[in-house]
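Q: what's the 3D shape of this:
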Amino acid sequence: MNPDGRRRSTIATLVALTAAALVVPTTATASPVPAAPVSSLPDPVSVLVEGAGSRLVTGLGEPVQVNDPLRALQWHLEPTRVPEAWALSLGTSQVTIALIDTGVDPEHRDLAGALWADPVTGAPGWDYVRGGTDPFVGADEDWHGTAVAGIAVARANDGYGIAGVAPGVRLMVRRIYASTSTSSPPALIGYADAARAVRDAASEGADVILITWGGTVPDAALFDAIRTAGVPVVAAAGNDGQDLSGDAPARRRYPAAYRLPNLVTVAASDLDGGLLDNGRMRSNYGARHVELAAPGDEVVSLRAQGGHAYYEGTSFAAPQVAGALALGRSLAPGATAAELVAELVRTARRSPELEGLVTSGGVLDVAAFLRSLERPSCSSELPPTTYLDVDRSSPHAFNIDCLTWYGVTRGVGDDRFAPKRGMTRGETASFLARILALAGDGVDSQAAAATGMPTFADTEGSVHAQSIEVVAAAGIARGRDDGTFGPAELVTRAQMAAFVVRSVEVLTDQVFVAGRDWFDDVNGSAHEASVLVARDLGITQGSVEPRRFEPDRTITRDQMASFTARLLDVLGRQGVTVDVGS
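A: Residues are numbered from 1 along each chain as shown. You can find the predicted model right below:
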């Protein structure tokens, strides 16, 4: 219960496309009133009790405390573990979120210093409705964007108002709403201009793009703009109570229902951790189209032209995810958009109330997300390799650097790595045997090789024979039913998942059980469990197309490098020391 004995949502409802705003009460009254001064707000202690308790991550340190007086009312920061995440990063001004929405009040005190500035004009963005660089018309038209902005980037430790999820990053404003009245639904300009806003934001350096609007008709231009943005794009799922993964396409909302590796769609959760459904706002959902949830009930944020208010709906869940991704970009500037999205979804905290409703089965966990971006074995400070055939823009280049640094690979000779060549079972055994040796597993390679007859009938004379014996002795490689190993046979992606998961289990003395159904194309595969565990552990993110793994496709050497480099990081997080080879 709230301090005044009734839910704050009975006070006032301001309905818009994807949200409702609830004015903060000064007293136990049911009539709308302006945002209250701090001294007359409800007792913050009882508000915090309503939200989920904070759970610390080992190694994160104590939650960061800020002096913003309304911080105690921001219950949504607790279940998403933002204060713990702040111990790793508050965000950097080099990172920018582009908000494609209504305008934003640039004079709001909680946004002082938060707005991006065009390097030529100094303007914080562009107004696609009227033309020009002024992002603000007035409180009636631009309350929605102002509220969304505050949840993401409101300044912290300024002794005023609230703290955004990413209080150290900047906000670029892209105003595309033609009007936003508090008494009627807003009107959007066309999809073509919305797509243009996405393209412009990406070209002008946005690191995360946030979209809190949508329509019922898919649009090729908007889809292509998001697909080619090169940065994470966050979309609000909408508030129609619809299953975006259902069999009725007419019930879907776009861009929320698009499936792209750089797109994350966000549902809204309520005070109890379930899907928001309070009679006014019913969050959309979808096990294949909506990746995770974030709190969207009674979220405190900014009011245009001053003050603060409560808001509800997926519009106010999505900026929390955008803020988390901005923190992630601050910590991991070299990560790809797909990598950031994949880790964000993988680290969502599972909730029984959300199982089967969103892909991750859980709610945003900012602390776990940021922790997952730390690479304890493959540090960003490692020197780049000089292989002539490795494209430095490849998402696998850094992982190839890591394996070379550790001595797991030296390439194929002549300063080449052959990144697109298929990986054989013998080569895979050599990679893994070297990792076993670096981790001090205790499997004596010389003893394994000197046991007399080889374990497999077809490995004698292979340059990988000794490594094959080592991984067989460790229980990582099991060979075929006919007693052969097939050292020259190419390895599939599913087989690779099985190899690396067994390696983790051997080196950590643990057995891992698959937690979530990540992919649509591995059901029935002999290695289904290993593929799902590999995704749970962060060893693989799947293929380019969402919810696909392509288990029977041959793995290439650069993909193998990424699998095994992430294996080293998993070992590091599990406390296994991996020494650098010679």
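
Q: Could you use CA atoms for every contact and neighbour count after this?
A: OK.

Q: Can you give me the neighbour number for Asp391?
A: The burial count assigned to Asp391 is 11, neighbours taken as other Cα atoms under 10 Å.

Q: Using the three-state scheme, assign it.
A: Reduced to three states with DSSP: H, G, I helix; E, B strand; the rest coil, the structure at Asp391 is coil.

Q: so what's it closest to, chain neighbours aside?
A: With Cα to Cα, 6 or more residues apart in numbering as the measure, Ala397 is the residue that lies nearest to Asp391, at 6.8 Å, once sequence neighbours are left out.

Q: can you check Thr564 too?
A: Using Cα to Cα, 6+ apart and skipping the chain neighbours, the partner closest in space to Thr564 is Val500 (7.1 Å).

Q: give me the number of residues near that neighbour?
A: Burial of Val500 is recorded as 24 neighbouring residues (other Cα under 10 Å).

Q: Average the pLDDT values over the strand or helix carrying it and round to the nearest integer.
A: Assigned by DSSP states H and E, Val500 falls within helix 493-508. Per-residue pLDDT values across helix 493-508 average out to 95.

Q: Check the offset of that helix from the chain's centre.
A: 24 Å (Cα atoms, centre = their mean, to the nearest Å).

Q: what comes into contact with it?
A: Helix 493-508 is contacted from outside by 432, 436, 439, 441, 474-477, 510-512, 527-528, 530-531, 533-534, 549-555, 560, 563-564, 567, 570-571, 574, 576, using Cα atoms under 8 Å, 6 or more residues apart in numbering.

Q: where does the stretch 101-250 of the chain have low pLDDT?
A: Counting by pLDDT under 70, the ranges of the stretch 101-250 of the chain that qualify are 178-189.

Q: quick one, helices of it?
A: All helices of the stretch 101-250 of the chain, identified by DSSP state H, counting those that start in this stretch, fall at 139-153, 191-203, 220-227.

Q: Next: the stretch 451-582 of the chain.
A: In the stretch 451-582 of the chain, the helices defined using DSSP H, counting those that start in this stretch lie at 465-473, 493-508, 528-537, 557-573.

Q: State the mean pLDDT of the last one.
A: If I follow you right, that is helix 557-573. Computed over helix 557-573, the average pLDDT equals 94.

Q: what's in contact with it?
A: 375-378, 396-397, 399-400, 402-403, 417-423, 496-497, 500, 504, 507-508, 537-540, 577-578.

Q: and those, which are buried?
A: Buried residues within the contacts of helix 557-573, defined by neighbour count using 16 or more other Cα atoms under 10 Å: 375-378, 396-397, 399-400, 402-403, 417-419, 422-423, 496-497, 500, 504, 507, 537-540, 578.

Q: How about the residue positioned nearest the centre of the chain: what's its closest non-neighbour residue?
A: Compute the mean C-alpha point of the chain, and by Cα atoms, centre = their mean the closest residue is Leu344, 2.2 Å away. Among residues not flanking Leu344 along the chain, Phe369 sits closest, at 5.3 Å (Cα to Cα, 6+ apart).

Q: Could you double-check that Gln74 sits in contact with Asp297?
A: No: applying Cα atoms under 8 Å, one finds Gln74 not in contact with Asp297, separated by 10.8 Å.

Q: Who has more neighbours out of those two?
A: Neighbour tally, Gln74 and Asp297, criterion other Cα under 10 Å: the higher count belongs to Asp297, 29 against 21.

Q: That one contacts Ser269, doesn't it?
A: Yes: assessed by Cα under 8 Å, Asp297 is found in contact with Ser269 at 6.9 Å.

Q: what residue ranges in the stretch 351-500 of the chain score low on pLDDT?
A: Low-confidence segments of the stretch 351-500 of the chain, defined by pLDDT under 70, are located at 441-453.

Q: any idea where the strands of it begin and end?
A: If you assign secondary structure with DSSP state E, counting those that start in this stretch, the strands in the stretch 351-500 of the chain sit at 362-363.

Q: Can you give me every residue that contacts Val522?
A: If you count contacts by Cα under 8 Å, 6+ apart, then Val522 has 528, 531, 549-551 around it.

Q: Any chance of the residues you listed in TSV with neighbour count, distance to Trp86 and pLDDT as columns?
A: Listed next are the contacts of Val522 as TSV, based on neighbours: other Cα atoms under 10 Å; distance: Cα to Cα, whole Å; pLDDT from 0 to 100:
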residue	neighbour count	distance to Trp86	pLDDT
Glu528	21	36	96
Val531	31	32	96
Phe549	23	33	95
Glu550	19	37	96
Pro551	23	38	96
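
Q: And the furthest pair within these?
A: When the contacts of Val522 are compared pair by pair using Cα to Cα, the farthest-apart members prove to be Glu528 and Glu550, with a separation of 11.3 Å.

Q: How many residues are close by the residue nearest to Pro551 when sequence neighbours are not counted?
A: If the residues on either side of it in the chain are set aside, Pro551 comes closest to Ala494, at 4.5 Å by Cα to Cα, 6+ apart. For Ala494, the count of nearby residues is 25 (other Cα under 10 Å).

Q: what's the spacing between Ala494 and Leu327?
A: Note on Ala494: its distance to Leu327, by Cα to Cα, to the nearest Å, is 32 Å.
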